[in-house]
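Participant: Quick one: sequence plus predicted model below, questions after.
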Amino acid sequence: MAIGAGYEDPFDGDGNSNNDQVKVNEFRVNKDNKSLIRLLPGRTEKEGICYKYVQHWMVVKGSDKKFPITHRADEKCKLCNIRDQIFESVNAWKDEKNPANDDKLKLWLDRARKIKPKECYDYNIINRKHRTEDGKKELKIFRFTPPASAQDSIIRLTKKAKDDGTLRYGKKPYDAVEGYDIALEAVKDEKKLVDGKPIYTYEAEFEQYSPLTSEELEMLRKEGYDLKALRKTTPAEKIDEIILKSSENWLRDFEIIEYESEKVDIKELKKEEPKSEPVPEPQKPKEEEVGSGEEDSDNEEETENVSMDAEVADINEDINEDENVAGEDNKVNDVENTLLEMDCRGTYNKGDEECQKCILANACLELKEIADKAEEMSIEILDEGDFVKSKEVLLAEIKKKERIDKPKGRKIEF
């Protein structure tokens, strides 16, 4: 039976709110001690093991409160359309090769990044450390939306290989028979703060093989969550309401207009912007030009560095780069500096639609190839913020690793 739309198996190559009628046990990674979880298979073949969707997170003006805008990964919302139109204008300015556009390009690329949707995954899991109020062990199913670095770390765990090249643990930790428990540990970074709070990243470790018991399988069948039904898509009117409350004032200056050609254009309304951030007027692109979980409450900085080989389905965050749209840029340093401002750097994916429509593709693809080489050499490719390191840093670490691994003279036999 084919897996239903929205359900995915991110380990194998082959709404904003919950349903009001269902009480959901949400699982959060323990930041003080290791968490121990068991990913579960789908309740049915059709459902698969997890539900994939995307979320934009918008900060409300005058407060730190954030609202999510949620929709299926294969759909687009008003924010997605605005973002596409920003890239049509960006590409038009890029083709002009006019230095006067540099500030404008940087401003709008940053704005596009702020409204970029983040991929999320919902799982049914068993929390092996769950206890009742009186301390007794209790079997219960939870819904788990891994922070980005936790998802990334679990995927990397499934790819670990032995010296002979075979997988160390197996690529399907959720399998009913061959699956295993996973320990998740929160790592606090005191050096880098967000809103005055430390950033947490999450590391996954193999704990033990744990075939599901008949009791656990029966509980999954009866009490496992319908992950797709629980994750509601945000209605269009709610999206408009969130945009009006957003601290991103410039969003309210856009109106999406449908033309007979089914193209979408942006019209800037006559509204006054704060003097601290003048808004350049987007130019209408030429016809022939081509445009382009709940955010981690544990304050994990967003990461978009998940990548997998052919045996593992692609769960990379959308990037905005492609060789066909990226024109030649004689200012190499400017390109590199702009790329370093993108949190999706180094995760270029030829199969991604938005990757096929960005202006930084060449630089991003080059960085990805360098990062892939570094990863093959067991070099950590992510920086403290959980983003891909710069090209210069990775090349220096590769060179250092090659120097260390190089045989030093003839081996002496005693």
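Facilitator: That came in fine, so what should we check first?
Participant: for this protein, what helix or strand is lowest in average pLDDT?
Facilitator: Sorted by mean pLDDT, DSSP states H and E, the helices and strands of the chain end with strand 264-268, the least confident at a mean of 41.
Participant: For the residue nearest to Ile154 when sequence neighbours are not counted, which three-state class applies?
Facilitator: Spatially, and ignoring its direct neighbours in sequence, Ile154 is nearest to Ala204 (4.6 Å; CB to CB, 6 or more residues apart in numbering). Backbone N, C-alpha and C define where each C-beta goes, glycine included. Secondary structure state of Ala204, per DSSP: H, G, I helix; E, B strand; the rest coil, is strand.
Participant: residue contacts, Ala204?
Facilitator: Each residue near Ala204 by CB atoms under 8 Å, 6 or more residues apart in numbering is listed here: Ala150, Ser153, Ile154, Arg156, Leu157, Ile182, Ala183, Leu184.
Participant: Might you list the low-confidence residue ranges for the protein?
Facilitator: 1-22, 255-338, 341, 343, 353, 384-386, 404-414 (pLDDT under 70).
Participant: Surely Leu365 touches Asn349?
Facilitator: No - contact between Leu365 and Asn349 fails when scored by CB atoms under 8 Å: they sit 9.7 Å apart.
Participant: what about Ile69, how many residues close to it?
Facilitator: 23 (other CB atoms under 10 Å).
Participant: Check the one 10 residues further on too.
Facilitator: Close neighbours of Leu79, defined as other CB under 10 Å, add up to 24.
Participant: which element is it on?
Facilitator: helix 78-96 (DSSP states H and E).
Participant: in that helix, what's buried?
Facilitator: By 16 or more other CB atoms under 10 Å, the buried positions in helix 78-96 come out as 78-80, 82-94.
Participant: thinking again about what came up before, out of the contacts of Ala204, what pair is the most spread apart?
Facilitator: Arg156 and Ala183 (14.0 Å; CB to CB).
Participant: about what we covered before: which one of the buried residues of helix 78-96 is nearest Lys31?
Facilitator: For the buried residues of helix 78-96, the nearest to Lys31 is Leu79 (30.8 Å; CB to CB).
Participant: From the chain's centroid, how far away is stretch 198-214?
Facilitator: Centroid displacement of stretch 198-214 relative to its chain, using CA atoms, centre = their mean, to the nearest Å, is 20 Å.
Participant: what's the answer for stretch 113-128, then?
Facilitator: 8 Å.
Participant: Can you list the buried residues in that stretch?
Facilitator: In stretch 113-128, counting by 16+ other CB under 10 Å, buried: 114-128.
Participant: Switch the contacts of Ala204 over to CSV; also include secondary structure.
Facilitator: Converted to CSV, these look like this (three-state DSSP):
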residue, secondary structure
Ala150, helix
Ser153, helix
Ile154, helix
Arg156, helix
Leu157, helix
Ile182, strand
Ala183, strand
Leu184, strand
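Participant: Domains in the protein, by residue range?
Facilitator: Split into domains by automatic domain parsing, the chain comes to 7-317, 318-407.
Participant: For the helix holding Leu79, which helices and strands make contact with it?
Facilitator: In terms of contacts (3 or more CB pairs under 8 Å, 6 or more residues apart in numbering; DSSP states H and E), helix 78-96 is packed against helix 102-114, helix 236-245, strand 254-258, strand 264-268.
Participant: Of all the ones you listed, which one is nearest Val194?
Facilitator: Val194 lies closest to helix 102-114 among those, at 14.5 Å (CB to CB).
Participant: And the closest one, what does it pack against?
Facilitator: Using 3+ CB pairs under 8 Å, 6+ apart, helix 102-114 is in contact with helix 78-96, helix 332-340.
Participant: could those be laid out in CSV, adding distance to Thr145?
Facilitator: Formatted as CSV, the helices and strands packed on helix 102-114 follow (distance: least, CB to CB, whole Å):
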stretch, distance to Thr145
helix 78-96, 20
helix 332-340, 29
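Participant: Determine which of the ones you listed approaches Leu244 most closely.
Facilitator: Going by CB to CB, the one of the helices and strands packed on helix 102-114 nearest Leu244 is helix 78-96, 11.9 Å.
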